[in-house]
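Peer 1: Provided below for reference: sequence and predicted model.
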Amino acid sequence: MDEPSILTAGLTRRFGDLTAVEDVSLRVSPGQFFGFLGPNGAGKSTTIKMLTGLLAPTAGSIQILGMDMQKTPVEVKRKIGVVPEGMGLFVRLTGSEYLNFVGRMYGLSRPVAAERSDELLAFMQLADERKKLVADYSHGMQKKLALAAAVIHGPSILFLDEPFEGVDAIAANTLKAMLQRMAAHGATIFLTSHVLEIVERLCTHLAIINHGKLVAQGSLEELRAGVQASVGKIESKEVLTLEQIFLSTVGETRTNSELSWLE
Amino acid sequence: MNDAPQLSFAQLAAISRVRWLVFVHSLGSLRGQVELASRIVVGCIFALGAVGGGTGLGGAAWFFLSHGQASLLTILLWPVFVFWQVFPLMATAFTENLDSSNLIRFPLNYPSYFLIRLAFGALDPATILGSCWTLGIWIGITVASPKSFLAAGIVLVIFGVFNVVCSRTIFSWLERWLAHRRTREFMGIIFFLGILSLQLITPAMHRYGRGVRYEALRTASQVSPVQRVLPPGLAAEAIAQATRSHFVRSLGYFSLLCAFTLLALILLDLRLRKQYRGENLNAVEISKARRQTDASSHGRLGPNGPIASVLEKELRYLLRSGPMLFTLIVPAFMLLVVRNAAGNSFLAQRSEIALPLIGGYSLLLLTNLIYNNFGNDGSGVQLFYAAPVHFWQVIAGKNLSHALILLAELFIGAAALSAMNHPPTLAAIALTAAATFFALPINLAAGNLLSLYFPKRVDYAIFGRQRAAPATVLASFGIQLFVFAILAATWLLSDRLQKPWLVAGIFLPLILASLAGYAVSLRLADELANKRRDILLFELAKG
């Protein structure tokens, strides 16, 4: 059995009295396109921050490519790419300068960083904006730049927090193709998204978190079978969509409620 | 729309309540409490200005009228007018603006929107101070000439209304401009230059005193007819004519003042209507003008590695920050001011301490950078946690940039001294070097620790309100006081003993201790950065 790319055990994070993430044990295999879903405030971003070293867990362990995140953070970070929640951009640099800077922070030599920056800017259709300050980029352009920065060093695992938010359809297609190619070449993609259609199309494996606890984990087929069994549709020919799986798993019951004063 | 006035009142009340709630919620944090305390202090200063200015202007108005010089009221009304119009503009250049789209998303009709925008500036410091000063003038006029009570009151009320509307008009037109970051920076630079230029007035008066006074009087006589047909002059003339019982003439000047007020209202209306119809001031700048950045853009600074990368990034940030670039020229500029003001007395006699003084002054100017060295990174600080680098490397890169800036300051200062007097002596250079090697590492060490303990997000590309956290300001002040006290004591001792080289000898152990402190701060950096990770990311990466 392959060594997992990501392995967490009892991962917990508390903020004072609030437990944002509780006892999460994840297992993500190499080359998987892994979707991490949950309602707003469920603990997705907190989990991804812990997995990428942006937040220290209160309890539990994190193994990335067999390395302990707590004990060898620098070695782990060399192997991963991240698009964090706020994108983490330096807005007073130009797009080109920013990519060069990130490349060098990840240990690339100056010529290699420069070459990859140019390629990435062209790939993301940002080549015409290379001399523009990041502060003057639109939200979608900033998102593409953040994605470019996350892959500049060729990471083995890519963590993406809402990567398609604010990105136009053309760019989203380009990004999806790039991510699929990365996964096909053995990279592990770990993403959170609220766009369930995209997750359903891209991800082979999923985990669903609700109120800080992991409520489901497995391949899409496994999750589908589980939900069908639990709702008694095992004989039904109807194939459940990811949205139905998600709503059923997080126990959404208010979809039919109405506001009496709203006509 | 019968309920329009009621709706407008309800919306004004809602806006007031929101601002009150924001204020109350801010008191929940220590930072909010400290800021309240500082606002109270500033409020007291403004109150003093309002009462003192009002009393002074009132006294002057009384004096002019008592001596039959009512037309000289214009001397009082012009400064009030200029302050009323200029102060909000300076404050605008220094701060972010109200985004009109925040208002127009609500179901406001245009009169309500107009009233709210007009009321928005009604309680700003310029209006409060201007109103108090105008009230003072009115009281002065009334005491000197009780029969002018009503006429002066009406004229000054319209003068006040004109000032409020005019400042709103100028503000709203500039708002369109200042909504763009680059223009805001440009305006900031203009005002900063203006403030610096003011420093030169006194030295220039000292140096060219008589000539300037004559020129000023000549210019004043030339502009006098012009100023009389502008609002402050019109208000003064309207009052002056009323005190002389020339009511028709007074009415003429008053009508012109009303016409100016109406014109300002029309101009304001033009602008606000556009905003009301959905003009988006904060839209992304669509200008395709290319920035004058290095064509290769990849730079050629230093070797590879995180320290060099961070250093390069910091220097790029510096080059794009107007305010920070100005800090580079301020020491040399102040040298010019001091030289002009003091002639050749102190600095000429004790030229050996001029360079260390420039160094000390430069270090003071770098306080914000050194003591809040992640403040300018914003959400970019996440990269330092996500990237495979040690925090001490990041901090070392930043410290290196601070050291280079200080070196550049000293170099510019030495060049300025050479141009004005003579090149610094070897003893002065040794004294400066010793003082720098002691003061810089200890400041960097304390700055590194305080940057990790009390980070505060700032944008050094805009002017004003760019202070570090209050706790940092207080701590940095204490440390710098301690350092400068040691430096001063050492210098005084060597000066008394007439042995300038003694300073270097005394400094040797101090320098070693300072360097050791700096090394400790770097050694602690990774552990502290991990411990303070939540705070750093929360404070710097928040919206």
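Peer 2: Sure thing, it's come through.
Peer 1: For residue 129, grab the count of nearby residues.
Peer 2: Unless you meant another one, I'm taking chain A. 22 (other Cβ atoms under 10 Å in any protein chain shown). (Glycine included, C-beta is placed from N, CA and C.)
Peer 1: ah, no, chain B please
Peer 2: Close neighbours of B:Leu129, defined as other Cβ under 10 Å, add up to 20.
Peer 1: Identify the residue nearest it in space, chain neighbours excluded?
Peer 2: Leaving aside its sequence neighbours, B:Leu129 sits nearest to B:Ala50 (Cβ to Cβ, 6 or more residues apart in numbering or on different chains; 5.2 Å).
Peer 1: tell me which element the one you found falls in.
Peer 2: helix B:30-66 (DSSP states H and E).
Peer 1: Counting by contacts, list what the helix or strand that comes right after that helix packs against.
Peer 2: Downstream of helix B:30-66, the first helix or strand assigned by DSSP H and E is helix B:73-94. Contacts of helix B:73-94 with other secondary structure elements, assessed using 3 or more Cβ pairs under 8 Å, 6 or more residues apart in numbering or on different chains; DSSP states H and E, are made with helix B:30-66, helix B:125-144, helix B:149-178, helix B:181-227, helix B:231-243.
Peer 1: lowest-confidence stretch among those helices?
Peer 2: In terms of mean pLDDT, the lowest-scoring of the helices and strands packed on helix B:73-94 is helix B:181-227 (a mean of 64).
Peer 1: Distance check, B:Gly53 against A:Asp118.
Peer 2: When distance is defined by Cβ to Cβ, to the nearest Å, B:Gly53 is 60 Å away from A:Asp118.
Peer 1: chain center to the lengthiest strand in chain A: distance?
Peer 2: Looking only at chain A and at elements set by DSSP state E, the strand with the highest residue count is strand A:6-15. Between the mean C-alpha point of strand A:6-15 and the mean C-alpha point of its chain there is a distance of 16 Å (Cα atoms, centre = their mean, to the nearest Å).
Peer 1: Kindly report the same for stretch B:258-273.
Peer 2: Taking Cα atoms, centre = their mean, the mean C-alpha location of stretch B:258-273 is offset from the chain mean by 29 Å.
Peer 1: pull the CA atoms of that stretch into CSV?
Peer 2: The C-alpha atoms that make up stretch B:258-273 are tabulated as CSV, following Å, rounded to 0.1, in the frame of the first residue of the first chain:
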residue,chain,number,x,y,z
CYS,B,258,-25.1,84.2,-1.4
ALA,B,259,-24.4,83.8,-5.1
PHE,B,260,-21.0,82.1,-4.3
THR,B,261,-22.9,79.8,-1.8
LEU,B,262,-25.4,79.0,-4.5
LEU,B,263,-22.7,78.3,-7.0
ALA,B,264,-21.0,75.9,-4.6
LEU,B,265,-24.3,74.2,-4.0
ILE,B,266,-24.8,73.7,-7.8
LEU,B,267,-21.3,72.3,-8.2
LEU,B,268,-21.9,70.0,-5.3
ASP,B,269,-25.2,68.9,-6.8
LEU,B,270,-23.6,68.1,-10.1
ARG,B,271,-21.1,65.9,-8.5
LEU,B,272,-23.4,64.1,-6.1
ARG,B,273,-26.0,63.4,-8.8
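Peer 1: for that stretch, which positions count as buried?
Peer 2: Residues of stretch B:258-273 classed as buried by neighbour count (16 or more other Cβ atoms under 10 Å in any protein chain shown): B:258, B:260-261, B:264-265, B:267-269, B:271-272.
Peer 1: what about the stretch 401-543 of chain B, any weak spots by pLDDT?
Peer 2: Screening the stretch 401-543 of chain B residue by residue with the criterion pLDDT under 70, one finds the ranges B:460-470, B:500-501, B:504, B:542-543.
Peer 1: What's the nearest residue in it when you look at chain A?
Peer 2: Using Cβ to the nearest Cβ, the closest approach of the stretch 401-543 of chain B to chain A is made by B:Ala541 at 4.8 Å.
Peer 1: For the nearest residue to that residue once chain neighbours are set aside, the count of nearby residues, please.
Peer 2: Leaving aside its sequence neighbours, B:Ala541 sits nearest to B:Ser379 (Cβ to Cβ, 6+ apart; 4.0 Å). The local packing count at B:Ser379 equals 20, with neighbours defined by other Cβ under 10 Å.
Peer 1: Same check on B:Leu536?
Peer 2: Each residue near B:Leu536 was counted by other Cβ under 10 Å, and the total is 24.
Peer 1: Next: B:Ala489.
Peer 2: Summarising burial for B:Ala489: neighbours were counted as other Cβ under 10 Å, giving 11.
Peer 1: per-domain residue ranges of chain B.
Peer 2: As given by automatic domain parsing, the domain ranges for chain B are B:4-276, B:306-541.
Peer 1: start to end distance for the last one?
Peer 2: If I follow you right, that is domain B:306-541. Domain B:306-541 has its terminal residues 21 Å apart, counting by Cα to Cα, to the nearest Å.
Peer 1: for that domain, the distance to its chain's centre please.
Peer 2: 21 Å.
Peer 1: most neighbours per residue, which of the domains of chain B?
Peer 2: For the domains of chain B, the largest average neighbour count (mean count of other Cβ atoms under 10 Å in any protein chain shown) is found in domain B:306-541, namely a mean of 19.
Peer 1: Now do the lengthiest helix in chain A: everything it contacts.
Peer 2: Scanning chain A for the longest helix, with DSSP state H as the assignment, gives helix A:169-184. Counting contacts by Cβ atoms under 8 Å, 6 or more residues apart in numbering or on different chains, the residues outside helix A:169-184 that touch it are A:31-33, A:123-125, A:140, A:144, A:147, A:151, A:158, A:160, A:163-164, A:167, A:189, A:198, A:201-202.
Peer 1: Can you show me the strands along chain A?
Peer 2: Ranges of strands within chain A are A:6-15, A:18-24, A:27-28, A:33-37, A:59-64, A:67-68, A:80-83, A:157-161, A:188-192, A:205-210, A:213-219, based on DSSP E.
Peer 1: Chain B: which of those is closest?
Peer 2: Evaluated over those, closeness to chain B peaks at strand A:80-83, with 4.5 Å, by Cβ to the nearest Cβ.
Peer 1: so which of the buried residues of stretch B:258-273 comes closest to B:Met324?
Peer 2: When the buried residues of stretch B:258-273 are compared for distance to B:Met324 (Cβ to Cβ), B:Arg271 wins out at 33.1 Å.
Peer 1: so which helix or strand takes in that closest one?
Peer 2: Once you assign secondary structure using DSSP H and E, B:Arg271 falls within helix B:247-276.
Peer 1: From the chain's centroid, how far away is that helix?
Peer 2: Using Cα atoms, centre = their mean, we find the averaged C-alpha position of helix B:247-276 to lie 31 Å away from the chain's own average C-alpha position.
Peer 1: What of stretch B:79-89?
Peer 2: Mean C-alpha position of stretch B:79-89 versus that of the full chain (Cα atoms, centre = their mean) differs by 15 Å.
Peer 1: Let's see the distance spanning stretch B:368-382 from one end to the other.
Peer 2: The stretch stretch B:368-382 measures 21 Å between its terminal residues, going by Cα to Cα.
Peer 1: again, but for stretch A:149-162
Peer 2: Stretch A:149-162 has its terminal residues 15 Å apart, counting by Cα to Cα.
Peer 1: A:Phe159: how many residues sit nearby?
Peer 2: Neighbour count for A:Phe159, taken as other Cβ under 10 Å: 28.
Peer 1: Could you measure from it over to A:Gln180?
Peer 2: 17 Å.
Peer 1: Likewise for A:Met124?
Peer 2: 16 Å.
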